[in-house]
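# the following comprises the amino acid sequence and a computationally predicted model.
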Amino acid sequence: MAIPDPSQFAFTHDASHGDRHYLEWEATAFEGTVLRGVAILTKNDDCKIVHAAIHHRPLDGVRKFSAELGRRQQGKVDASHCYGAA
């Protein structure tokens, strides 16, 4: 199973409003599954990022991604943070 290769990842749209910046993205992974999402970055008065929220879909792709991250991070990160954890 493969997580998105950087060559298969692209930001497709962006917008800003106040202290927030929105970045839409698209990636291909897992033998052709297309993943899409948006990253929302909140900045402080010094324009430094103070909060990031990442939303992605479809659910099946998100589950595969989470399970693969859990497999790769085994022993480094608490497995309960990843899909399919025992």
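Okay, I see it. Numbering: from 1, shown residues only.

# so where do the helices sit in the chain?
With DSSP state H applied, the chain shows helices at 59-72, listed in chain order.

# the residue nearest in space to the middle of the chain and Asp60, how far apart?
A centroid search over the chain (C-alpha atoms, centre = their mean) returns Ile54, at 5.4 Å, as the residue closest to the centre. Separation of Ile54 from Asp60 (C-beta to C-beta, to the nearest Å) stands at 17 Å. Quick note: C-beta positions are derived from backbone N, CA and C, even for glycine.

# go on, Tyr83?
Distance, Tyr83 to Asp60, by C-beta to C-beta: 10 Å.

# go on, Lys43?
Relative to Asp60, Lys43 is positioned 33 Å away (C-beta to C-beta).

# can you give me the strands in this structure?
Applying DSSP state E to the chain gives strands spanning 9-17, 20-29, 33-43, 49-57.

# may I see the buried residues of the least confident helix or strand in the chain by mean pLDDT?
Using mean pLDDT, DSSP states H and E, helix 59-72 stands out as the lowest-scoring helix or strand of the chain, at a mean of 88. Judged by neighbour count using 16 or more other C-beta atoms under 10 Å, the buried positions of helix 59-72 are Gly61, Lys64, Phe65, Ser66, Glu68, Gly70.

# now distance to Arg20 too, for those, in JSON lines please.
What follows is the buried residues of helix 59-72, written out as JSON lines (distance: C-beta to C-beta, whole Å):
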{"residue": "Gly61", "distance to Arg20": "25"}
{"residue": "Lys64", "distance to Arg20": "29"}
{"residue": "Phe65", "distance to Arg20": "24"}
{"residue": "Ser66", "distance to Arg20": "25"}
{"residue": "Glu68", "distance to Arg20": "29"}
{"residue": "Gly70", "distance to Arg20": "30"}
